[in-house]
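Visitor: Predicted structure and sequence below. I'll ask about it afterward.
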Amino acid sequence: MAIRTPAHVGPSASVPDTSGGAPESTFMPIVSRVEAPIDARELRRLQAIAACMVKNEPGLSATDRFRIRAGAGPSTHPRLVIGDGSEIALTKDHESAAYQYRLSLLARQGDLVAFDGDPHPDFERYRLEYVGDGPILALSPGRVAGTHRCPLADRCRLDRAVFSQIAEATRRNGGLTIVPHIGLGSPWRLARAVAEATGLDVDVMSSPPRLTRRVNNKLWFARLVPNILGDDAIPPTYSAGDVATLARNIRTLARKGERVVVKVPDSSGGAGNICLSARDLADVPLAEVGDRIRELLRAVGWRDRYPLLVGLWEAPALSSPSVQLWIPSIADGPPIIEGLFEQVLEGPDGLFIGSIPAQLPKPWQSRLAEEAMRLATVLQLLGYFGRCSFDSLLIGPSYASSTLHWIECNGRWGGISLPMTIVNRLKRGAAEFIVVERTDDRRPRWSFADTIQALGNLLFRSGVRHEGIVLLSPVEIESGRGVQMLAVAEKTADASALADRALEILWGTPSSRLAG
């Protein structure tokens with residue numbers, strides 16, 4: 001048996017469609033949508049950077065603690081999809097619950113999907129009738145006594161009945177591929193346990209856990225980018241290992257700009273971002289600055305873990321581009337840029353409300369792609385595998401006089417990469433889409449069944465209606481916290497119109513900020 005990183009899976013690989021259709025690639029693009037080749041000289045420079053990083057941290061891509069060795073041959077195994085963000089710092093319970101439904105849309109007939117509790121029956125009917133996937137095997141592992149939050153993969157491992165179901169499916173199919181939201185420790189522990197129990201191969205569709213943790217850390221990324229692209233490729237950024245350093249760094253940056261941001265570096269989605277007005281800090285003693293920030297961070301769930309990132313908050317930005325990639329193993333070719341998107345941000349704190357295909361001038365699209373390809377190539381050389389995206393900012397009064405700054409890396413299934421993959425699978429022809437993620441506790445609660453009925457013919461329906469709305473989760477809708485959905489059409493403007501009509505039906509307020 002072997003627990004394997006899927007080094008054999010690449011853009012030309014094919015995952016069988018167990019529903020009876022022709023084999024297809026469920027996760028990986030076949031071709032790059034944006035070309036950004038790297039010449040031999042630049043590749044040698046990037047190889048030297050990666051070699052130095054490996055020398056400085058030899059265990060960066062190590063998997064020996066999980067007894068993993070490389071496998072060979074294309075994976076033909078069913079998948080166990082685990083949409084869980086609980087290992088990401090500051091993730092709220094309702095956010096982690098939403099991940100499981102979003103990732104469940106990747107599952108095909110016969111796949112296993114882990115849920116925290118029983119799966120939502122109306123969402124499962126929606127998945128079957130509208131998205132067009134076959135029945136899945138839902139797993140509902142029990143909670144672990146004495147723990148506030150135990151990762152879903154660990155609960156699958158510790159629940160005897162659920163683990164037996166996983167082991168039985170693995171034996172019946174000759175192996176298993178685990179598809180986690182993020183490949184931190186728990187999916188690898190589960191893979192090891194299944195492989196040991198069955199004596200069969202178990203793939204984990206992720207990078208090794210230490211590298212995954214590094215890639216998703218904003219401070220690590222802030223050190224990586226200057227090594228590859230130069231010191232001017234990131235905004236002014238400091239690391240603070242204690243409260244005194246934190247206060248000094250804030251004071252230093254407050255002299256350089258109007259706003260300063262403190263970030264919990266291993267959080268996501270802006271959960272650990274605290275924005276401060278430089279004007280409000282001008283006459284405040286350093287000790288009080290530190291105490292104030294600690295109080296604000298503790299209010300969002302921070303538990304006095306350092307280091308923290310302190311940076312200049314560059315807003316409003318001319319644009320907030322995101323580059324979406326698939327990074328295969330080196331043997332399967334270079335990283336693949338699937339798309340350039342612009343994040344739509346709202347309010348002074350830059351709240352993410354959605355994404356649209358990038359409407360940037362061609363020179364900027366080329367530069368974004370070229371720099372992202374350099375970053376992705378180094379990650380690939382370090383052993384990174386799977387979904388990846390880079391977030392950036394264009395700062396300046398116009399495109400003719402802008403500065404490009406890279407902000408963070410998302411080494412996991414994200415708010416754009418997941419909808420993009422769903423669209424790639426559902427649409428056989430040309431398609432554009434926009435992502436809508438509205439968060440507002442003042443919204444009325446809707447039942448998911450009523451939402452489906454209200455949207456009616458606006459909903460995408462596989463084999464029937466080839467453009468429309470795809471709902472990604474019932475959690476936000478039923479709790480009154482908002483909605484996560486995507487709108488698919490042949491043109492971006494048509495997708496934007498669909499999204500506006502859906503928001504008007506649900507809440508009477510279209511989202512003109514998402515207009516294409």
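Guide: The structure has been received and is ready for your questions.
Visitor: switch to C-alpha atoms for all contacts and neighbour counts from now on
Guide: OK.
Visitor: how about the strands in the stretch 1-150 of the chain?
Guide: Listed in chain order, the strands of the stretch 1-150 of the chain (DSSP state E, counting those that start in this stretch) span 3-4, 79-82, 112-114, 137-139.
Visitor: Using a markdown table, lay out these together with mean neighbour count.
Guide: As requested, these are exported to a markdown table (neighbours: other C-alpha atoms under 10 Å):
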| stretch | mean neighbour count |
| --- | --- |
| strand 3-4 | 28 |
| strand 79-82 | 27 |
| strand 112-114 | 26 |
| strand 137-139 | 20 |
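Visitor: Any chance of those in a markdown table with mean pLDDT as columns?
Guide: What follows is the strands of the stretch 1-150 of the chain, written out as a markdown table (pLDDT from 0 to 100):
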| stretch | mean pLDDT |
| --- | --- |
| strand 3-4 | 64 |
| strand 79-82 | 96 |
| strand 112-114 | 97 |
| strand 137-139 | 96 |
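Visitor: any chance of these in CSV, plus distance to C150?
Guide: Shown next, in CSV, are these (distance: least, C-alpha to C-alpha, whole Å):
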stretch, distance to C150
strand 3-4, 22
strand 79-82, 13
strand 112-114, 13
strand 137-139, 16
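Visitor: Among these, which comes closest to G311?
Guide: strand 79-82 (33.4 Å; C-alpha to C-alpha).
Visitor: doesn't V260 make contact with S277?
Guide: Yes: S277 is within contact range of V260, at 6.5 Å (criterion: C-alpha atoms under 8 Å).
Visitor: Tell me which residue lies farthest from the centre of this protein.
Guide: D283 (39.5 Å; C-alpha atoms, centre = their mean).
Visitor: Going along the chain, name the strands of the stretch 251-400 of the chain.
Guide: Going by DSSP E, counting those that start in this stretch, the stretch 251-400 of the chain shows strands at 259-263, 273-277, 308-312, 321-327, 336-346, 351-357, 386-395.
Visitor: rank the ones you listed by mean pLDDT and give me the bottom one.
Guide: In terms of average pLDDT, strand 351-357 trails the rest of the strands of the stretch 251-400 of the chain, at a mean of 74.
Visitor: Outline the domain layout of this protein.
Guide: 3-211, 236-312, 427-516 (automatic domain parsing).
Visitor: out of these, nearest to K362?
Guide: Between K362 and these, the tightest spacing by C-alpha to C-alpha is seen for domain 3-211, at 11.4 Å.
Visitor: Tell me the gap between the closest one and the middle of its chain.
Guide: Distance of domain 3-211 from its chain centroid, counting by C-alpha atoms, centre = their mean, to the nearest Å, is 13 Å.
Visitor: quick one: low-confidence parts of the stretch 351-500 of the chain?
Guide: Applying pLDDT under 70 to the stretch 351-500 of the chain picks out residues 351-353, 428-430, 441-442.
Visitor: What are the boundaries of the helices in it?
Guide: Using DSSP state H, counting those that start in this stretch, the helices found in the stretch 351-500 of the chain span residues 362-382, 417-426, 448-455, 475-479, 492-507.
Visitor: ditto for the stretch 201-350 of the chain
Guide: 209-215, 218-229, 243-254, 278-281, 286-299.
Visitor: Include distance to R33, mean neighbour count and mean pLDDT when you put those helices into JSON lines, please.
Guide: Listed next are these as JSON lines, based on distance: least, C-alpha to C-alpha, whole Å; neighbours: other C-alpha atoms under 10 Å; pLDDT from 0 to 100:
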{"stretch": "helix 209-215", "distance to R33": "24", "mean neighbour count": "20", "mean pLDDT": "96"}
{"stretch": "helix 218-229", "distance to R33": "23", "mean neighbour count": "18", "mean pLDDT": "98"}
{"stretch": "helix 243-254", "distance to R33": "39", "mean neighbour count": "20", "mean pLDDT": "94"}
{"stretch": "helix 278-281", "distance to R33": "42", "mean neighbour count": "16", "mean pLDDT": "88"}
{"stretch": "helix 286-299", "distance to R33": "40", "mean neighbour count": "15", "mean pLDDT": "93"}
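Visitor: For A499, find the nearest of these.
Guide: Nearest of the helices of the stretch 201-350 of the chain (C-alpha to C-alpha): helix 218-229, 31.6 Å.
Visitor: Give me the contacts around the closest one.
Guide: 46, 49, 214-215, 231-234, 237, 239, 265-266, 308-309, 371, 374-375, 406-409 (C-alpha atoms under 8 Å, 6 or more residues apart in numbering).
Visitor: go again using 7 Å as the cut-off
Guide: Residues from elsewhere that reach helix 218-229 (C-alpha atoms under 7 Å, 6 or more residues apart in numbering): 214-215, 233-234, 265-266, 309, 375, 408-409.
Visitor: What of stretch 477-497?
Guide: 419, 430-441, 443-448, 467-473, 476, 498-499, 514-516.
Visitor: Kindly check the end-to-end length of that stretch for me.
Guide: Terminal residues of stretch 477-497 lie 20 Å apart, using C-alpha to C-alpha, to the nearest Å.
Visitor: do stretch 234-252 as well
Guide: 17 Å.
Visitor: can you list contacts of it?
Guide: With contacts defined as C-alpha under 7 Å, 6+ apart, stretch 234-252 is touched by 222, 260, 286, 289-290, 306-312, 405-407.
Visitor: that older thread, which of S277 and V260 has more residues huddled nearby?
Guide: V260 (25 against 14; other C-alpha atoms under 10 Å).
Visitor: I'd say that one and A315 touch.
Guide: No: counting by C-alpha atoms under 7 Å, V260 does not reach A315; the two are 10.3 Å apart.
Visitor: gap between the residue nearest in space to the middle of the chain and A499?
Guide: In the chain, the residue lying closest to the centroid (C-alpha atoms, centre = their mean) is G414, at 2.2 Å. Noted for G414: a distance of 20 Å to A499, by C-alpha to C-alpha.
Visitor: rewinding a little: buried members of the contacts of helix 218-229 into PyMOL, please.
Guide: Applying 16 or more other C-alpha atoms under 10 Å to these, the buried members can be selected in PyMOL as follows:
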select buried, resi 214+215+233+234+265+266+309+375+408+409
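Visitor: Could you dump the contacts of helix 218-229 into TSV and include distance to S322?
Guide: What follows is those, written out as TSV (distance: C-alpha to C-alpha, whole Å):
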residue	distance to S322
R214	19
V215	16
A233	15
I234	15
P265	19
D266	19
L309	21
L375	13
E408	10
C409	10
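Visitor: of all the contacts of helix 218-229, which comes closest to G134?
Guide: Nearest member of those to G134, counting by C-alpha to C-alpha, is C409, at 33.3 Å.
Visitor: give the contact list for the residue lying closest to A254 once chain neighbours are set aside.
Guide: Nearest in space to A254, with sequence neighbours left out and distances taken as C-alpha to C-alpha, 6 or more residues apart in numbering, is A278 at 4.7 Å. Applying C-alpha under 7 Å, 6+ apart, one finds that A278 lies in contact with 254, 257-260.
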